[in-house]
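# Provided below are the primary sequence and the corresponding predicted coordinates.
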2 protein chains.
Amino acid sequence: MKYKAKIIVRLKEGLNDPEGRVIGKALKNLGYKIEDLKVPKYFEVVFESDKPEKEVEEMCKRLLANPVIHTYEYQLEPLGE
Amino acid sequence: MKYKAKIIVRLKEGLNDPEGRVIGKALKNLGYKIEDLKVPKYFEVVFESDKPEKEVEEMCKRLLANPVIHTYEYQLEPLGE
């Protein structure tokens, strides 16, 4: 069975997000009232699996996120077949 | 009023996504049956506005997305106050 996983990998609270800060500042300079801007990593993965939840967890832990500095969350949707 | 916008900026269909390809390949090498892996840009913006929809559209067009190569979508949620 095929699944699509949408995975968001965030920096843990308090860690430095320079990209977010720069983009937030640029938007402020354009006149918007930005209070916070974050740039998490975002992955959309289509894969085939019999145990999709287990495999997405593994992918996050083994490759996509670094548990020392990141938290992750995901949504899984079946694509059929 | 404060809002949170979750903005996804995707490369248009057919454009090269080397980061996605490399990560997809790495996951395949770890044994997963990856069919497709994309790495869109993802922004979470907290901002204050009287016309949030109009301003998010503007932010995308002026800074976050390049209309030549990107499409974008967003969700807006009110945060109150």
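Good, I have the coordinates.
# When you work out contacts or count neighbours from here on, use the C-alpha atoms and nothing else.
Noted.
# biggest helix in chain A by residues?
helix A:18-29 (DSSP state H).
# Give me the contact status of that one with chain B.
Yes: using Cα under 8 Å from any Cα of the partner chain, helix A:18-29 reaches chain B at residue A:27.
# looking just at contacts, which helices and strands does that helix meet?
With contacts defined as 3 or more Cα pairs under 8 Å, 6 or more residues apart in numbering or on different chains; DSSP states H and E, helix A:18-29 has these neighbours: strand A:33-38.
# Just give the strands next to the strand it packs on in its sheet, each with its orientation.
strand B:41-48 (antiparallel) (DSSP bridges).
# Could you tell me the angle between the next helix or strand after the strand it pairs with and helix A:18-29?
Next along the chain after strand B:41-48, taking DSSP states H and E as the criterion, comes helix B:52-59. For helix B:52-59 against helix A:18-29, the angle by axes from the mean of the first three to the mean of the last three Cα atoms, to 10 degrees is 110 degrees.
# separation between the residue of chain A most remote from its centre and chain B?
Relative to the centre of chain A, and counting by Cα atoms, centre = their mean, the farthest-placed residue is residue A:31 at 27.8 Å. When Cα to the nearest Cα, to the nearest Å is the yardstick, residue A:31 and chain B sit 10 Å from each other.
# same thing with residue A:51?
11 Å.
# what residue ranges in chain A score low on pLDDT?
Low-confidence segments of chain A (pLDDT under 70): A:81.
# burial of residue A:69, as a residue count?
When neighbours are defined as other Cα atoms under 10 Å in any protein chain shown, residue A:69 has 13 of them.
# show me what contacts it?
Each residue near residue A:69 by Cα atoms under 8 Å, 6 or more residues apart in numbering or on different chains is listed here: A:11-12, A:15.
# now those residues in a markdown table, with secondary structure, distance to chain B and neighbour count?
Converted to a markdown table, these look like this (DSSP: H, G, I helix; E, B strand; the rest coil; distance: Cα to the nearest Cα, whole Å; neighbours: other Cα atoms under 10 Å in any protein chain shown):
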| residue | secondary structure | distance to chain B | neighbour count |
| --- | --- | --- | --- |
| A:11 | strand | 13 | 20 |
| A:12 | coil | 15 | 14 |
| A:15 | coil | 16 | 10 |
